[in-house]
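Peer 1: Okay, here's the prediction I keep looking at, along with the sequence it came from:
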Amino acid sequence: MPSSTYVAFVGAVFLLCSTLTGGQSEEPSQSQHHHIETNNTNALIVTVKWHHVETPYMVVLWILVAGLAKISVAQLNARLKSFFPESGLLILCGFVLGGIVWGADKAQTFKLTPRNFFYFLLPQIILDTGYFMPNKLFFSNLGAILVHAVVGTVWNAAAVGLSLWGCYIGGAMGDLQIGLLQFLLFGSLLAAVDPVAVIAVFEEVHVNEVLFIWVFGESLLNDGVTVVLYNVFDAFVSLGGPRINAAEIIKGIVSFFVVAFGGGLIGVIFAIIISLLTKYTGKVQIIEAGFIFVLGYLSYLTADMLSLSAILSVTFCGVCCQKYVNANMDEKSVTAVRYAMKVFANGSETMIFVFLGLSAIDSVIWVWNTGFILCTILFAVVYRFIGVFFLTGILNRYRLVPLETIDQVIMSYGGLRGAVAYGLATSLDETRIKEKNLMISTTLIMVYFTVVIQGLTLKPLVKWLKVKRVSSSDLKLIAKVNNRACEHVLAAMEDICGRIGDNWWTRGWKRFEDKYITWFLMKPEARKNRDYLFSIFHKLNLEDAVNYVTEGEKRGSLAFLRKGEGSSVDFEKKYGLEFSGVMPDITSELDFGIDNVPMTSIIRDSVPSVSLNIHEQDMKGMSEDINAHHLLQQNLYRSRKNHRHRYSRSDFTINQSENEVQEIFQRTMRSRLESFKSAKMGVTPAKKITKHPKKEPNQKMSDGKTDRSYHMDKDKGYPYGDEDFEFSEADSSYSGDGAAAGGSFPMRAPPYTVGAGGIDNPAFMPEMDTPPPPWTSEAETDSSVAPSQRAQRQLPWSPNNLRRLAPLRLSARSTDSFVMADIPLAPDSSEEASEETSRGDDTHM
Amino acid sequence: MPECKCCSKVYFKMVKCVLLEQLQHFVNQLTHSVASAHLVRLYDRYQALDKDNKGYLCPQDFGAIKELAMNPICDRIIGAFFTSGQEILDFPSFVRILAHFRPVDKNRPKEPNSPDPINSRSNKLKFAFQLYDQDKDGKISRHELLQVLRSMLEKQVTEEQLESIADRTIQEADLDRDDAISFEEFRKSLDKVNIDHKMSIRFLR
């Protein structure tokens, strides 16, 4: 085992000091490694194939270590964090880890290699930024951003390169084997402001949005520019000075535009593909979120393959697809994409900073040249200031709202260099550039200087200069309405003046988009309800509803809402009432419940106490949903097709099979028979079913909920097909339910029903599967009208009568389909169950 | 006689339509609100809009602008140019309306005794307000708001939804609970909105 792996463990253990959380997960793996050594000689009961898993193991381990580093940084006290940027802290963490690795291996075995960086760490960050880009802000400032990204970057590269060369000629750096072209190459790789560093620092600062989008947009777009410049100069260097003629230079300039625009074009093409794909994923909602990532990555790789700007490609892919993707996809998938994107981006950002620190602890790359390093830092900072002020000065002449001087200072100061520069530096060709290591070390120092020192001072500077912060204005409908009106007014004024201005373009684009693009890229149903003002209205209402619920819950239950609805199901009250008329209301109520899964899951948190299902997570949020499912399944068979997918991994097929139809028939018949019998026979003594091993009359109630349902069951004594229940429940061994059966009659409350407080409704009873035929309902009303309580008490016994008639049912196929739905089972079995039930019913009827 | 070249150009063009003694006054007044270079442009546009060379503009001239006719609230905007029921718009009034949309210039020295410039925040808001307030009673009623919303929102939004949006909008702004938005309430509710941004056109600077 290489000692470096051990080092990784040491690193993790070191982090243990500051984090308690990750510690446990680390222990087992360590002991496992002890295993390796001790077990080697013995019989091969346990073989450890370290080499089989080495690479993925190390990758995962490093991800873990980086994660732990992030946790430990996050755990630091607030005072330190208030002035120290997190990215800087992560770099420091990387120093320490690097020191440990170095101490163990005597060489730096782990480095941020350009390949890993550009192919596995960078894409998701860029995709994330593109996907979450505030589109309107971005496009309305695109001109300024492009000027800064293109002109500013070229200026920086050229100025830094030339000045360094001048200093070299002037003798400030001693004897180096660097020519003018190499200096320009170095200048170009240092020119780019790094999006990763900028996001990390500026997100903590909260400057106003125009400033943010300028810095941020510039940092994104100029990456493409830098890579292009880098490639051009790299080609020049390999050509050699004397062979560069005008044609080559022109070629370089042309390639610059081809690479940049080509990259953007590839991104747009992939954005269209993503949008089109999500238009047709209605049937496979589970995986539609994955398309975003796969195709986003593919756009990166494709652009890279065609030697176009991959960063620009993936940026534009994210920017362009977001709107259509969000409209096309299911709401849950949108959330999934959002979270997954953040997880990936944050993870790799952490990795990048840790490895930036870690890479520094290596004696090989360090070549110190004070003059060179100092000059580089000085020029990079100074020319950044000059470039920003000059360009902004020009842009301000044409801007409606000029960028203020203070903002310009922050923008210049926020020119952080980062991992892209380092990645480019390490991918320099050593055979052609003799001083590669000097360049790497200078780049590293530049990165540390900007991220740590400038990042550290940026926040106080922003405060001190009183830079306009982002104003947290609450969303107001009237403001939005007025904005819409203003847009129209401005466009009208431009028409009246007969000039083509910004608003003309905006409006023209909107019309074009509405007419063609949304038609092409959006689902028909997504095209509706797309009005912006209406969505704002909807969002506000949702917020209010959530507030209302949290507010209301402080004071007590919100059950009165149900009462207020009147017609809808008031389960508590319905017990005593005649229930033949509630059907339609129940269904409508439940539709409501389904639509608002996220809301209801906030309100109530009733989860099955035991769940073995792999979709448990899914179930938790949907307890309400399951109730709905349950109820609907009992009553409205069509609902089944909508809900089956929760139990299936892949898809949900519409199962209007014969079985189901037959089942409906059987069930209807049975319920009719039962209610008929109950009406005719009246009270029948309770018949204990003692088959069940767990059914002990006086079993302790395990929790209050069960208790409650128990009592309720006792009160009303509704045996919903209890003869069917027993077997299955015994199998799944719900002890709490056994308790519920402790009464005089074998009632079982399925565990999920209890908390939901509505499921004990009579509507669930098989008797109510269909509206009772006239003759039964007559009988029922006969008994229930006057002494409704008694009438209901009478009903329960009926199934036992039935059972007497058909004793076989007890032992044979046990499961009622809705029982299966309750006890989370694998998808197939629930289907099987329903089939079986119908078959089982066949035998009896 | 105006001293700068641009102004004199305007001057000579305007001789056609405005009485001489008024002219001096207008040009002086206008150069405060719109830069003279723009005045020439606007005057050209004014004449282009005035197809029959009648010396003034009427609502039909505006309606003839193709793009403007597609604007969902175009009748309101045209109406804003023709105050107090007149059917005639001369050049100075035309410029005065457009002057609402000049960006605020912070560098311009403020004259102490001059009234609120026409492109000030409250004047811009007033302009927006009167677009809603069609019956000029100083209040945006629910009905008026509903009309604006109906024309601005897309077809898919149902009438009930429109009504609830209107209700909510009024609720947000309505401070005195009279189910209508007065100008003061309108101004307050848009306190945080950057009106200078939202109601300025760059080329009028």
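Peer 2: Structure received.

Peer 1: just to confirm, which helix or strand has A:S671 in it?
Peer 2: With secondary structure defined by DSSP states H and E, A:S671 is part of helix A:658-681.

Peer 1: what do you get for A:I478?
Peer 2: helix A:477-497.

Peer 1: Are that helix and chain B in contact anywhere?
Peer 2: Yes - against chain B, helix A:477-497 shows contacts by C-beta under 8 Å from any C-beta of the partner chain at A:477-479, A:481-486, A:488-497. From N, CA and C alone the C-beta is placed, and that goes for glycine too.

Peer 1: Give me the buried stretch members for the host helix or strand of A:I266, please.
Peer 2: Element membership for A:I266, per DSSP H and E: helix A:246-279. By neighbour count on 16 or more other C-beta atoms under 10 Å in any protein chain shown, the buried set for helix A:246-279 is A:252, A:255-256, A:258-260, A:262-275, A:277-279.

Peer 1: My read is that A:L298 contacts A:F270, right?
Peer 2: Yes - at 6.6 Å, A:L298 and A:F270 qualify as touching, with contact defined as C-beta atoms under 8 Å.

Peer 1: residue ranges with poor pLDDT in chain B?
Peer 2: B:1-37, B:84-85, B:105-116, B:204-205 (pLDDT under 70).

Peer 1: how close does the residue nearest the centre of chain B sit to A:T426?
Peer 2: Closest to where the C-alpha atoms of chain B average out (C-alpha atoms, centre = their mean) is B:I97, at 4.5 Å. Counting by C-beta to C-beta, to the nearest Å, the gap from B:I97 to A:T426 is 62 Å.

Peer 1: Backbone dihedrals for the residue nearest to the centre of chain B, please?
Peer 2: phi -70, psi -50 (degrees, to the nearest 10).

Peer 1: OK, contacts around it?
Peer 2: B:A80, B:F81, B:F127 (C-beta atoms under 8 Å, 6 or more residues apart in numbering or on different chains).

Peer 1: In TSV, list those along with neighbour count.
Peer 2: Listed next are those as TSV, based on neighbours: other C-beta atoms under 10 Å in any protein chain shown:
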residue	neighbour count
B:A80	17
B:F81	17
B:F127	19
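
Peer 1: got CSV for the residues you listed, with distance to A:L461 too?
Peer 2: Below are these laid out as CSV (distance: C-beta to C-beta, whole Å):
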residue, distance to A:L461
B:A80, 45
B:F81, 48
B:F127, 40
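
Peer 1: Sort out which one of those lies nearest A:F120 for me.
Peer 2: B:F127 (55.2 Å; C-beta to C-beta).

Peer 1: just checking, that closest one touches B:A99?
Peer 2: No - contact criterion C-beta under 8 Å: B:F127 and B:A99 do not qualify, at 10.2 Å.

Peer 1: coming back round to it: relative orientation of the helix or strand following the helix holding A:I266 and helix A:246-279 in degrees?
Peer 2: Downstream of helix A:246-279, the next assigned helix or strand under DSSP H and E is helix A:285-305. Angle of helix A:285-305 versus helix A:246-279, following axes from the mean of the first three to the mean of the last three C-alpha atoms, to 10 degrees, is 170 degrees.
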